[in-house]
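Peer 1: next comes the sequence, and after it the predicted model I'd like to discuss.
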Amino acid sequence: SDEIRVAVASNFSGAMKAIVSEYEETSVHTVVLSFGSTGKHYAQITNGAPFDLFLAADSARPQLLEDQGIAIIGSRTTYARGRLAVWASNPEINNIKDALNNHQNIAHLAIANPKLSPYGIAAKQVLMTLDAWPKIQSKLVRGENIAQTFQFVHSGNADLGFVAYSQVVNPKQPLQGNWWIPPQSLYSPIDQQAVLLNNRQAPKDLLEFMKSPLARQLIQHYGYELP
Amino acid sequence: MSIEVRFGIKRGEFSLTIDTEIPEHGVTAIFGASGSGKTTLLRAIAGLEAPENGFLKVGGVVWQDTNTFLQTHERKIGYVFQEPSLFQHLNVQDNINYGLARSKRDKSERSLDDAISLLGIEHLLKRMPWQLSGGEQQRVAIVRALAADPSMLLLDEPLAALGDEQKAEILPYLESVYQQLDIPVLYVSHSRNEVARLADHLLLLDKGTIKASGKVTDLFTSLDLPLAHQTHAETIIDTTVTSYDAEFGLATLKFSGGQFVVASNPLDSQTTVRLQILARDVSVTLEHQKDTSILNIFPVTIDHLVKESSSQMTLRLLAGKTPILAKVTCRSAQSLGLKIGDTVYAQVKTVALLR
Amino acid sequence: MSIEVRFGIKRGEFSLTIDTEIPEHGVTAIFGASGSGKTTLLRAIAGLEAPENGFLKVGGVVWQDTNTFLQTHERKIGYVFQEPSLFQHLNVQDNINYGLARSKRDKSERSLDDAISLLGIEHLLKRMPWQLSGGEQQRVAIVRALAADPSMLLLDEPLAALGDEQKAEILPYLESVYQQLDIPVLYVSHSRNEVARLADHLLLLDKGTIKASGKVTDLFTSLDLPLAHQTHAETIIDTTVTSYDAEFGLATLKFSGGQFVVASNPLDSQTTVRLQILARDVSVTLEHQKDTSILNIFPVTIDHLVKESSSQMTLRLLAGKTPILAKVTCRSAQSLGLKIGDTVYAQVKTVALLR
Amino acid sequence: MILSEQDLTALFVTLKLASVSTLVLLVVGTPLAWWLSKSQWRFKYLIEAIIALPLILPPTVLGFYLLVSIGPNGPIGGLVDALGGAPLAFTFTGLVIGSVFYSMPFVVQPLQNAFSSIGERPLEVAATLRASPMDRFFTIAVPMAKPGFITASVLGFAHTLGEFGVVLMIGGNIPGSTQVVSIAIYDHVEALEYGQAHWLAGSLLVLSFLLLIVVYGANRRYTVAKP
Amino acid sequence: MILSEQDLTALFVTLKLASVSTLVLLVVGTPLAWWLSKSQWRFKYLIEAIIALPLILPPTVLGFYLLVSIGPNGPIGGLVDALGGAPLAFTFTGLVIGSVFYSMPFVVQPLQNAFSSIGERPLEVAATLRASPMDRFFTIAVPMAKPGFITASVLGFAHTLGEFGVVLMIGGNIPGSTQVVSIAIYDHVEALEYGQAHWLAGSLLVLSFLLLIVVYGANRRYTVAKP
Ligand SMILES: Nc1ncnc2c1ncn2[C@@H]1O[C@H](COP(=O)(O)OP(=O)(O)OP(=O)(O)O)[C@@H](O)[C@H]1O
Ligand SMILES: Nc1ncnc2c1ncn2[C@@H]1O[C@H](COP(=O)(O)OP(=O)(O)OP(=O)(O)O)[C@@H](O)[C@H]1O
Ligand SMILES: [Mg+2]
Ligand SMILES: [Mg+2]
């Protein structure tokens, strides 16, 4: 049996843990998961980190790895598609779309840093489409990643925030407040891609398993869409 | 008025038990063996030790009792510590200024310059403490304590690191300072000489208790105390100048038991002068001798005779009511047939003017 | 053989220039005013200062020259510093053991116990340094230096914080140690008394230069040096015991110029005894006097006469070839008509046995 | 110009934050260290242990707890609110509080050691020269503890410069107010903008190095004469 | 049991890392601090400044540069490789090196101050008692610098415990080998598993608190008698 080392984007950790526990039921292989930001994982992989499989939070970094010949050409697949949610922890904010446009009651709007996170890019796109982007600049607080953005809202320090749908449907966390799911048309898809980093069989096996109906169901359950 | 001191301090096996009065004027010497509690006593008076059931009254003001405890910085003292204790981060001038700045003293006052030049530290003012020798540090500490304009001086062996010559220069200056300021001085010393010279009052410490306390002149000749029995025993007599012979530089000094003729620099009539007579400098004859360079010969009665060893005797002689100690050999005592009550002649070979 | 010392050290305005030889046996006292460079000299000998052009040869071995520099820990010395310098993190016993453990000395040796009990520190062995008085710390430091089994002792005022009585107890012990180990001792002292008592050789320092160097007995009576002119000037004479009268406890001691009869504890014939005669204890008469308690009277010639002040004179008398100092008043000198070359009688009131 | 305007602003905010924090650290830490060095209280060591505790948590986690505490439902946030103060999250003041909290052990410990090593004697001497406790503290203890102050300031300042997790968490990465250099460099690294990261890190290093040289060099001139 | 097996492993790895790092820090830092406290070299302050420099970079960024240097193409990595050594990145040894590098100023500075405050005298006295330089160092300097050693160890140990950025970057968050508690807590927080984060953080705090109490308490017993 083999050990499979997987670098997983933090936002996907809940779903991946569930998938792996299913996978290990039926497989002889064991899986070791390392969570972290995709930027960090990329830097580590280019510097020789011993990962077999990389589940990124975006499509850009896997693409780069493939271009640089570090990842196995042709192994790149979209394993999940993230969805945005705008969450108001403050129950007094009922109409979130309104609030975004005339942000009188909002002290801080949390988004993920568009520079670092595909969720941040998506949030920016939504706000631009709603024509709210320029006006809301002074209220923006940026999380380094989507988890931190969630914490800004969750702790009540930001009234409103663009979080991941996977976070608000997270079965472990009963949440207060209201949320609004912006339609997919407002932002380009948040494709989370995976690449194989070597030709070993076991990781290939795990990647295959992720395309199985059982895994797809779990991915959906955790709030992601399927490609 | 006097300073009332009552302390009970325990430090491990050592305990200091003091209950005494110290005169509010003049110098009180604290004398005692190493480890007898001299430093501890000074520290307690300075407020650096906080004995629980202490009592201290200075100048009519209670500094410490059950309810009161004046902090050290509220006590107007000047303290020279036993170890050199200059501030390492300040140069000599700033060390001195530290006390000066916190006293009410006029900063331009000349007397401080006097102190600086008399203690020979003018050339050191810009130096840092670690650039000074041991004795130099001690001298700076003395000036610093004086600069703080104290109403009581606590001196813990301030001259221990200095040579005889330098002591001889500094002591008269210290005396003049005390007298001018008219403040009480507690002076810890190991040197009998210094005590004899400086002190009016003496506190003898032994293993944390007071063994004797009284006037220096009395205690030095008391046969109950070890002082009179030491090889270097001495008599101290405070006398008054009656005349001065300028040609030979000789002063005539009166005391209750007679008079002394002493070589000295000019002295004004009626001034008080302290004389030191080493017991070894006093010899005893049955007749008044002539044809000798010894100037001071006078009749005395033998008050007491103590055999110190197989060869040495200590005599306590009374000149009038003034006791004078003499050391003689047992052989002389025997050959002269000395006994208590005899009247004999005391020949005093040397009399030193102490102050 | 002797210790050759050549140093040139600059410290700011102060500079020490030494070029001398120190005897390899006995005690050499280093005497000088505060700031004259005594400590600096000891430090240089210990290798704690590194003068560039120094030269030092001890026991035939070069410790320092242009090419050689023995590190301090390679020099077999025992050093008692001027300030109390116990290791603050070790108790008294461990402080002493520190030196002991690094010496070749047998740890069970009795002499260390002697040192501990003679310096009166048995009851302090378990204490930490900050629980000791100033004098107690100094005594521990002395024992620690002795425990290191030195072949040369450097003592920087080791007894400064101790009283006369305690000194009188410790000095004989130190003497016996030097003599037993037969090692050279450099002894910085401010006290003429200590020097007179301990030292064979004397190094007089003044502002960083050697003012005089020679045998103590010679330098103390040299009229070229300040020592002889001080009020407490004294003569030191090394004598040999010829007989002892047990009944009166009197010893007869012979020296080149005659003999002394001195009260003392029993002394063996032929042993060497050092006598101290204070100049003030010597009086001069024209005739041999009788009927006096003064035992030591002998004929001398006046070698030199110096007027110290308007009232005081210093006489240098020769008893045989041995010089003896006397202090007399100018009046006596005049009335007796003293002049150089006269033969007179010296009456020595007191002779102290120094060792 | 290789550094963007935003980078320069971040540099400025960082220096301001580090300076203010160091000042606050010294003002708060000095009396604390003094008390610790003098107190004979038998449970003093509990306080010593507590001061060192913030070090033990990863900064981001510490930042997370701080974020929760200063949020509207947190104990500190509630208190501030009750006292009529403005919320602390995403403000410069909040950053200062976070940094101070986190860097406290680096300031208190060296100062405490420095104060202890002075010993009682100089203070006793000053007392006999009529210096009040306050006076003694400022004219004796502080100047004699100078090496301690230098160490405390350097460690406190440098640690605040490099601090990141806490600041990221409670600052919200707002340019001009809470975006500090450390985050900016981090962002560049994460965004694979390595060139910009190098330049910014390089500038920060050079600047800090110059600063350190001034501090240590000045100290050297002072102490070189002393054996 | 509230802590998962993986959490316990992380706790164990952390304690091991902190202990080993502290040991290495003391072994490397002590001679360095001693040299700094004794040297009269005029450019000594440059070294002092350089030692403090790693503090100034955000840990993740520092970790990034370390990663690049010890990576297969980096100077250190290349050297190690040329010498036939195993790669350092993503290994426990790598973590130790990173932690030591980063925590060095916390060890060197307190030690340097402690050594300086001993002064020359005790060492001179020991020399006259025939103690060689080595002997003096171990029997006089080290015991007298005890408060400095305590501070250095506590700061070094605690800082390594909480260290995160560097470790995350060069360690790769591999469970059982380079996943330390700080990262595990961080992962829990990122994955919104707050309950588990609290428990793990709490355990770490309690454990560390106990450890600190032992250290400070033991020190107290030693020094309480001294004025
Ligand atoms: N670093 C220095 N800079 C300038 N002068 C110095 C320095 N160190 C010592 N001195 C001077 O050197 C001289 C000799 O000092 P040393 O300690 O040898 O004197 P000492 O004879 O031992 O005096 P004491 O009897 O007072 O101890 C002193 O005048 C002192 O001021
Ligand atoms: N913390 C302590 N624990 C135990 N004993 C102590 C402590 N502090 C001082 N002592 C003892 O108290 C006694 C008195 O000390 P003190 O310093 O007053 O003596 P001293 O008369 O000044 O002696 P010296 O002339 O040697 O300076 C000494 O025997 C000393 O050992
Ligand atoms: Mg004392
Ligand atoms: Mg000296």
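Peer 2: Cool, got the structure. Ligands and ions are numbered 1, 2, ... in the order given.
Peer 1: which residues touch the host helix or strand of B:Gln179?
Peer 2: Per DSSP states H and E: B:Gln179 is located in helix B:164-181. Under the criterion C-beta atoms under 8 Å, 6 or more residues apart in numbering or on different chains, residues B:26-27, B:111, B:114-115, B:118-120, B:135, B:139, B:142, B:146, B:151, B:153, B:159, B:162, B:185, B:194, B:197-198, B:355, C:33-34, C:190-192, C:226, C:230-232 lie in contact with helix B:164-181. No exception for glycine: its C-beta is placed from N, CA and C like everyone else's.
Peer 1: repeat that for stretch B:288-299.
Peer 2: Contact partners of stretch B:288-299, identified using C-beta under 8 Å, 6+ apart, comprise B:250, B:257-262, B:285, B:319, B:343-349, B:351, C:283-287, C:289, C:291-292, C:328-329, C:331-333, C:336, C:347.
Peer 1: same question for stretch B:61-68.
Peer 2: Against stretch B:61-68 from outside (C-beta under 8 Å, 6+ apart): B:47, B:53-57, B:69-70, B:75.
Peer 1: now compare these and name the two farthest from each other.
Peer 2: Farthest-apart pair in the contacts of stretch B:61-68 is B:Asn53 and B:Arg75; separation 18.8 Å (C-beta to C-beta).
Peer 1: adding neighbour count, secondary structure and distance to ligand 4, write the contacts of stretch B:61-68 out as CSV.
Peer 2: CSV is the format used below for these (neighbours: other C-beta atoms under 10 Å in any protein chain shown; DSSP: H, G, I helix; E, B strand; the rest coil; distance: C-beta to the ion, whole Å):
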residue, neighbour count, secondary structure, distance to ligand 4
B:Gly47, 22, coil, 32
B:Asn53, 11, coil, 42
B:Gly54, 21, coil, 37
B:Phe55, 17, strand, 41
B:Leu56, 23, strand, 36
B:Lys57, 18, strand, 40
B:Phe69, 15, strand, 39
B:Leu70, 15, coil, 37
B:Arg75, 24, coil, 32
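Peer 1: one step back: from the chain's centroid, how far away is the helix holding B:Gln179?
Peer 2: Helix B:164-181 sits 11 Å away from the centroid of its parent chain (C-alpha atoms, centre = their mean, to the nearest Å).
Peer 1: now do stretch B:1-17
Peer 2: Relative to its chain's centre, stretch B:1-17 lies at 21 Å (C-alpha atoms, centre = their mean).
Peer 1: are that stretch and chain C in contact anywhere?
Peer 2: Yes: applying C-beta under 8 Å from any C-beta of the partner chain, one finds stretch B:1-17 in contact with chain C at B:11-13.
Peer 1: could you identify the helix or strand that succeeds the longest helix along chain D?
Peer 2: The helix of greatest length in chain D, counted in residues with DSSP state H as the criterion, is given as helix D:5-38. Toward the C-terminal end, the helix or strand that comes next after helix D:5-38 (DSSP H and E) is helix D:44-52.
Peer 1: so that following helix versus helix D:5-38, what angle?
Peer 2: Orientation of helix D:44-52 against helix D:5-38 (axes from the mean of the first three to the mean of the last three C-alpha atoms, to 10 degrees) gives an angle of 180 degrees.
Peer 1: for B:Thr28, what are phi and psi?
Peer 2: Torsion angles at B:Thr28 (phi, psi; degrees, to the nearest 10) stand at phi -110, psi 120.
Peer 1: list buried members of the contacts of helix B:164-181 by neighbour count.
Peer 2: Among these, those buried by neighbour count (16 or more other C-beta atoms under 10 Å in any protein chain shown) are B:26-27, B:111, B:115, B:118-120, B:135, B:139, B:142, B:146, B:153, B:159, B:162, B:185, B:194, B:197-198, B:355, C:33-34, C:190-192, C:230-231.
Peer 1: near ligand 1, which residues of chain D?
Peer 2: With C-beta under 6 Å from any ligand atom as the criterion, chain D does not meet ligand 1 at any residue.
Peer 1: strands along the stretch 1-150 of chain B, start to end?
Peer 2: Assigned strands in the stretch 1-150 of chain B, in chain order: B:2-11, B:14-23, B:27-32, B:55-58, B:61-64, B:77-80 (criterion: DSSP state E, counting those that start in this stretch).
Peer 1: now do the contacts for the residue nearest in space to the middle of chain D.
Peer 2: Chain D has D:Gly156 as the residue nearest its centroid, 3.7 Å off, counting by C-alpha atoms, centre = their mean. Under the criterion of C-beta under 8 Å, 6+ apart, the neighbours of D:Gly156 are D:21-22, D:25-26, D:29, D:103, D:106-107.
Peer 1: nearest to A:Met16, of those?
Peer 2: Proximity of these to A:Met16 was ranked by C-beta to C-beta; the top entry is D:Ser103 with 36.0 Å.
Peer 1: roughly how far apart are the closest one and D:Ile97?
Peer 2: 11 Å (C-beta to C-beta, to the nearest Å).
Peer 1: who has more neighbours, the two?
Peer 2: Applying other C-beta atoms under 10 Å in any protein chain shown to D:Ser103 and D:Ile97 shows that D:Ser103 carries more neighbours, namely 27 against 19.
Peer 1: isn't the more buried one right up against D:Leu161?
Peer 2: No: no contact is recorded between D:Ser103 and D:Leu161 when judged using C-beta atoms under 8 Å, the distance being 10.3 Å.
Peer 1: and residue 21, how many neighbours?
Peer 2: Answering for chain A, as no chain was given. Once other C-beta under 10 Å is used to define contacts, A:Ser21 is seen to have 11 neighbours.
Peer 1: hmm, I had chain D in mind actually
Peer 2: D:Ser21 is surrounded by 26 other residues when neighbours are defined as other C-beta under 10 Å.
Peer 1: surely it meets D:Ile97?
Peer 2: No: counting by C-beta under 8 Å, D:Ile97 is not a contact partner of D:Ser21; they are 9.0 Å apart.
Peer 1: need the residues of chain D near chain B, please.
Peer 2: D:121-122, D:124-133, D:135-136, D:139-140, D:143-144, D:146, D:225-227.
Peer 1: for ligand 2, see how far away B:Gly12 is.
Peer 2: Counting by C-beta to the nearest ligand atom, to the nearest Å, the gap from B:Gly12 to ligand 2 is 3 Å.
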